[in-house]
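> sequence unavailable; structure follows:
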């Protein structure tokens with residue numbers, strides 16, 4: 001299902017530029033299906049997931065992850081996505097069924113749905129404590145917010161573009177984006193050339209809808225800059241939840257609360273936030289979990 005979804009990792013001008021170009025329509029469509037999101041929520045969650053995928057594959061080792069978390073006052077209220085170096089992403093919105101009017105350009109009003117708030121970036125690199133950076137939301141449109149994050153928290157001049165285009169029947173038509181970053185040593189001329197090309201470029205989704213892929217968008221923006229594709233990385237929606245993990249989550253609520261669930265005498269249904277999978281636990285199973293909690 002995800003065979004058409006991938007990221008190109010690119011360098012240019014002998015390492016002065018690094019970039020990522022992504023197309024991930026099927027991945028974003030899977031997120032939409034998992035949470036039955038409205039069009040504007042699909043666009044918001046899809047943009048955040050697309051950005052997280054590019055950041056995730058920039059991490060080094062298996063087992064590491066990056067979490068992007070938005071907390072906001074708009075009707076979506078917030079979103080969380082998690083990506084890893086292997087191209088997997090999962091995520092969920094707080095409110096999946098937001099319906100608001102289009103923006104002044106007649107397009108989905110992602111910024112209006114997200115509202116004001118903060119963006120947190122949590123990088124788990126296997127150390128005792130994960131790295132956490134937080135910035136205020138600049139626009140709620142996601143790409144601008146990630147661009148600001150890189151400048152404010154990591155001091156990396158970046159240009160981030162993200163887009164999700166919807167069909168009328170509320171399925172994902174196109175999704176993708178890019179992230180271009182200037183490394184130390186890049187001069188003003190490089191910045192000027194990039195800014196000029198970015199200013200004259202159509203939206204990412206318009207390019208994808210015209211049949212362009214990550215390679216063509218890369219060539220459009222980095223022509224004459226000695227661009228080299230270093231790696232092509234498949235990406236996909238993958239949760240990784242399991243009954244065993246859900247059992248551990250139930251045990252973690254504590255013996256007292258677990259005892260209360262047992263005393264109610266009814267089965268418990270636990271739902272994974274990230275993919276919507278439901279796990280049913282009968283009373284006898286809850287009793288076994290309570291005994292395991294006693295042993296801790």
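That came in fine, so what should we check first? Note that the coordinates shown come from a computational prediction; the quantities given were computed from them, not determined experimentally.
> any stretches of the chain with poor pLDDT?
For the chain, the stretches with pLDDT under 70 are 1, 295-296.
> all helices of it, in order?
Along the chain, counting by DSSP state H, helices occupy 25-35, 39-56, 110-114, 143-153, 188-200, 204-209, 214-222, 243-251, 255-264, 283-294.
> take these and lay them out in TSV including mean neighbour count and distance to residue 102.
Using the backbone N, CA and C atoms, a C-beta is placed for each residue, glycine as well. Below are the helices of the chain laid out as TSV (neighbours: other Cβ atoms under 10 Å; distance: least, Cβ to Cβ, whole Å):
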stretch	mean neighbour count	distance to residue 102
helix 25-35	23	19
helix 39-56	28	9
helix 110-114	24	9
helix 143-153	20	18
helix 188-200	12	24
helix 204-209	20	15
helix 214-222	19	26
helix 243-251	15	39
helix 255-264	14	44
helix 283-294	15	47
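> for these, which one sits closest to residue 74?
Shortest distance between residue 74 and these, using Cβ to Cβ, is found for helix 110-114: 4.7 Å.
> so which elements touch the closest one?
Using 3 or more Cβ pairs under 8 Å, 6 or more residues apart in numbering; DSSP states H and E, the elements in contact with helix 110-114 are helix 39-56.
> just the strands in the stretch 51-200 of the chain please.
For the stretch 51-200 of the chain, the strands defined by DSSP state E, counting those that start in this stretch occupy 65-72, 78-83, 88-93, 117-124, 131-136, 158-166, 172-182.
> quick one: contacts for the closest residue to residue 172 other than its chain neighbours?
In this structure, residue 172 finds its nearest non-sequential neighbour in residue 29, 4.1 Å apart by Cβ to Cβ, 6 or more residues apart in numbering. Shown in contact with residue 29 (Cβ atoms under 8 Å, 6 or more residues apart in numbering): 171, 172, 175.
> which of the residues you listed count as buried?
Among the contacts of residue 29, those scoring as buried are 172, 175 (criterion: 16 or more other Cβ atoms under 10 Å).
> wait, residue 170 touches residue 41, no?
No: look at residue 170 against residue 41 with Cβ atoms under 8 Å: they stay out of range, at 10.5 Å.
> isn't residue 183 right next to residue 14, touching?
No: using Cβ under 8 Å, residue 183 is not in contact with residue 14, being 9.9 Å away.
> neighbour count winner among the two?
residue 183 (16 against 11; other Cβ atoms under 10 Å).
> next up, the contacts around the more buried one.
Neighbouring residues of residue 183 by Cβ under 8 Å, 6+ apart: 15, 16, 17, 18.
> for residue 142, same thing?
Contacts for residue 142 (Cβ under 8 Å, 6+ apart) come out as 44, 47, 48, 51, 110, 114, 162.
> for residue 175, see how far away the third one is.
If you measure residue 48 against residue 175 using Cβ to Cβ, to the nearest Å, the figure is 11 Å.
> the first one now?
Applying Cβ to Cβ, the value for residue 44 to residue 175 is 12 Å.
> same check, this time on residue 256
According to Cβ to Cβ, residue 256 and residue 175 sit 45 Å apart.
> swap in residue 136?
According to Cβ to Cβ, residue 136 and residue 175 sit 26 Å apart.
> nearest residue to the middle of this structure?
residue 49 (1.8 Å; Cα atoms, centre = their mean).
> residues in contact with it?
Counting by Cβ under 8 Å, 6+ apart, residue 49 has contacts 24, 27, 28, 31, 81, 83, 89, 91, 237.
> nearest to residue 197 among those residues?
residue 24 (22.8 Å).
> wait, residue 197 sits on residue 218?
No: using Cβ under 8 Å, residue 197 is not in contact with residue 218, being 11.4 Å away.
> show the end-to-end separation of stretch 264-274, please.
Length of stretch 264-274, first residue to last, Cα to Cα, to the nearest Å: 27 Å.
> centre of the chain to that stretch, how far?
Mean C-alpha position of stretch 264-274 versus that of the full chain (Cα atoms, centre = their mean, to the nearest Å) differs by 26 Å.
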